[in-house]
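1. Okay, predicted coordinates and the sequence, questions at the end:
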Amino acid sequence: MKPDPHRTAMLRLLVRLAALALLMLAAVLRPAWAIESEGDITLQSRYWIDESGVMSIQEVTNIEAAKLQPMDRHRAFPLGAAALWMRLDLPALDASRRWYLLLSGAPFIDRASLFSQGPNGLWQQRAGDHVPVAQWPHPNASPLFEVQPKPLGPVWLRLENRPAPTSPYVQLLTEDSLQFKRQWTYLLVGGYLGFGLLVFVVGFIHARLYGDPVFDAYCMYVACMLAFQLSFTGMGGLFLWPYWARFNDAAPAPFMLLMTASGIWFIRQATALARHSRRVDRAVVGFSLFGLVFPAIYILFNGALVYGILNLYGLLSVVLSISLCAWTWYRGERYSGWLILGFLPIHLSYPFPALRAAGVMADSWGTQYAVLIGSVIEIPLLLYVLHRRAKDFSESHARLRALDSTDPLTGLTVTPVLRLRLRDALRRARRSGHRCGVLLVELANHAEVVSREGREAGDRALVVAASRLSQVVREVDTVCRVADTRFAILAEGPQPDSARRQLAQHIVARGLEQVSRLPPDLSLRLRVVSAWAPDGAIEQTSDGNIDEQRLMQRMNWALDRLIKDPKKVVNHLDPRTTDEGRATAAPA
């Protein structure tokens, strides 16, 4: 089997687009990667878990140092109702600069409190999802605290989070380093959101342009993806809902569910699943509806069980999306295979935040931005695949619609179209006071061609005749096949009488030209009848309306008589009127 050139070309283009996106991301993110590990003091700390979750700072400072465990690696702590205390022994800091402690993983920190002993006593700072971002000591996408250059003793950090595990990642940064890190974060997330909104608008335009509901599902998926990234990166809490602590705490999970449900719904629409199996389609609809309803359950009954169902739903959505695309592609859906490639970046990046949420991986820059990077590549690829899909479908629909108005053999318009155009031409002619030309052409020797060369040669003769008639008229004129061997020509616009006569002679002459695959002595003998329209009162009914059928009946009658006369090939019908100004029905 020869490879499909269209599929090969599309695959090459998709690979090039993906490679270009990766190169651009690498160029943009390289400075961010360079400062990711800067100032990491997590492994220099010691920790202790307060199982009761109610111990005060005074009680914790009195704990024996032997009970504190070293933080030997980046890890996740499933705390539940407990609290994680970290003791940070900061080195001597430059007093001429301002210093900050930054925690990553905003959606995985409910409460973060920093305690330090200064000249004026104990200094406490609070942040986290359970505190409005506007009330943080330093509003930021993730908890941020200022530290004194010369603290009187160790600094204690208290962390709470449930039901997701807590994975502390603490950085000690100067004001300049913090500002640089913020700028790159804003550039990354802001550029992503702007790009996502642009793709959303383009998808919305495509939905209106093609009238395809698949683009509506795609736009819904993109919108949910953008909302999830806003909440997951902490930018939504910083800029959009800084006073809504409860919403900021719950937002990542519901938006993830909505994004997953809309993605499955989009795949259902794009793969035409209902066409292949009603049972599978109903099951997928139920899966998507579960993702729309479960956010309310998650908010009301937040706990370990509900959190486990949330992670399981996300994992099943990845498996289901790949399975649906592969299954429908196997059953003949051409673009389902391309959807697998389109979703591949997000499928490859999903395990990072999923494993982080399950407590298997520790917090890092990669777990926080992996889905964002994957969606930057995924979203335009999906839009391109949908664009090619809609373009192919629209071309197919256009061809199907053309069959209703086009003769299958010759490609000319059919009789209803001619009647409509002739009726409009007669109305315009009466209003403007000029006449248009109407010609009826018969392939008189079609029966002879069939008898000598066969039916296929007869069909070829009809196609050639249609082609030559289309070549001798103007683009604004209409050529129609009105019977098996009979054609009609509508020449619109004001023109002299000589133009109608010359056109008829030209048609006869073109028919006499040699036809390929036919014997030299077998040319097309065309017979032509021409008339002016309007022709007196022939086209008017008793109530004064225009009836183009009367004109065609008169010309068909005249052409029938002309064919019986072998010595005459052209007949020009001239309008004749009675004493009352009404045209006669007989030809001139």
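-> That came through, no problem.
2. Look at the residue nearest the centre of the chain and give its secondary structure.
-> The C-alpha lying nearest the average C-alpha coordinate of the chain belongs to residue 383 (C-alpha atoms, centre = their mean; 3.8 Å). Following DSSP: H, G, I helix; E, B strand; the rest coil, we place residue 383 in the helix state.
3. What pLDDT does the model give residue 544?
-> Looking at residue 544, its pLDDT reads 49.
4. cool, and residue 14?
-> Residue 14 is given a pLDDT of 55.
5. same question, residue 89
-> Reported pLDDT for residue 89: 87.
6. residues touching it, list them.
-> Applying C-beta atoms under 8 Å, 6 or more residues apart in numbering, we find residue 89 in contact with 44-45, 154-155. All C-beta atoms are positioned from the backbone trio N, CA, C, and that covers glycine.
7. quick one on the thing from earlier: was I right about the residue nearest to the centre of the chain contacting residue 199?
-> Yes: the pair residue 383 / residue 199 is scored as a contact, 5.8 Å apart, by C-beta atoms under 8 Å.
8. So, low pLDDT: which residues of the protein?
-> 1-38, 119-120, 395-405, 535-547, 575-588 (pLDDT under 70).
9. if you go through it in chain order, where are the strands?
-> For the chain, applying DSSP state E gives strands covering 46-50, 69-70, 83-88, 99-103, 111-118, 121-127, 144-147, 155-160, 170-174, 436-443, 478-481, 486-491, 526-533, 570-573.
10. Put together JSON lines for these, with distance to residue 425 and mean neighbour count on each row.
-> Supplementary listing: the strands of the chain in JSON lines, determined by distance: least, C-beta to C-beta, whole Å; neighbours: other C-beta atoms under 10 Å:
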{"stretch": "strand 46-50", "distance to residue 425": "90", "mean neighbour count": "17"}
{"stretch": "strand 69-70", "distance to residue 425": "94", "mean neighbour count": "10"}
{"stretch": "strand 83-88", "distance to residue 425": "86", "mean neighbour count": "22"}
{"stretch": "strand 99-103", "distance to residue 425": "77", "mean neighbour count": "22"}
{"stretch": "strand 111-118", "distance to residue 425": "80", "mean neighbour count": "20"}
{"stretch": "strand 121-127", "distance to residue 425": "78", "mean neighbour count": "16"}
{"stretch": "strand 144-147", "distance to residue 425": "77", "mean neighbour count": "21"}
{"stretch": "strand 155-160", "distance to residue 425": "82", "mean neighbour count": "22"}
{"stretch": "strand 170-174", "distance to residue 425": "79", "mean neighbour count": "21"}
{"stretch": "strand 436-443", "distance to residue 425": "5", "mean neighbour count": "24"}
{"stretch": "strand 478-481", "distance to residue 425": "9", "mean neighbour count": "23"}
{"stretch": "strand 486-491", "distance to residue 425": "6", "mean neighbour count": "22"}
{"stretch": "strand 526-533", "distance to residue 425": "7", "mean neighbour count": "24"}
{"stretch": "strand 570-573", "distance to residue 425": "17", "mean neighbour count": "18"}
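11. Tell me which of the ones you listed approaches residue 249 most closely.
-> Smallest distance to residue 249 across those (C-beta to C-beta): 10.0 Å, for strand 111-118.
12. Determine how far the closest one lies from the middle of the whole chain.
-> The chain centre lies 48 Å from the centre of strand 111-118; the measure is C-alpha atoms, centre = their mean, to the nearest Å.
13. Contacts for it, please.
-> 57, 101, 103, 122-131, 143, 145, 147-148, 151-153, 155-161.
14. and what of stretch 421-441?
-> 465, 469, 478, 482, 486-495, 499-500, 503-504, 507, 526-534, 539, 546, 548, 551-552, 555-556, 558-559.
15. Likewise for stretch 501-513?
-> Contacts of stretch 501-513 (C-beta under 8 Å, 6+ apart): 437, 439, 441, 443, 465, 468-469, 471-473, 489, 491, 523-528, 530, 569-570, 572.
16. Stretch 192-210 now?
-> Against stretch 192-210 from outside (C-beta under 8 Å, 6+ apart): 212-213, 215-216, 218-219, 222-223, 225-226, 229-230, 235, 372, 375-376, 379-380, 383, 386-387, 390, 393-394.
17. Can you mark which positions in it are buried?
-> 192-193, 196, 199-200, 202-204, 206-207, 210 (16 or more other C-beta atoms under 10 Å).
18. just the helices in the stretch 151-300 of the chain please.
-> 175-210, 213-233, 235, 245-250, 252-270, 278-300 (DSSP state H, counting those that start in this stretch).
19. Residue 61: what's it in contact with?
-> Contacts of residue 61 (C-beta under 8 Å, 6+ apart): residue 156.
20. wait, which of the contacts of residue 89 is closest to residue 246?
-> Out of the contacts of residue 89, the member with the shortest distance to residue 246 (by C-beta to C-beta) is residue 155, at 29.1 Å.
21. From residue 130, how far out is that closest one?
-> As for residue 155, its distance to residue 130 is 21 Å (criterion: C-beta to C-beta, to the nearest Å).
22. List buried residues within the contacts of residue 89.
-> Buried among the contacts of residue 89 by 16+ other C-beta under 10 Å: 45, 154-155.
23. can I get these in a markdown table with distance to residue 346?
-> Converted to a markdown table, these look like this (distance: C-beta to C-beta, whole Å):
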| residue | distance to residue 346 |
| --- | --- |
| 45 | 35 |
| 154 | 43 |
| 155 | 39 |
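24. nearest to residue 284, of the residues you listed?
-> Of these, the one sitting nearest to residue 284 (C-beta to C-beta) turns out to be residue 45, at 47.3 Å.
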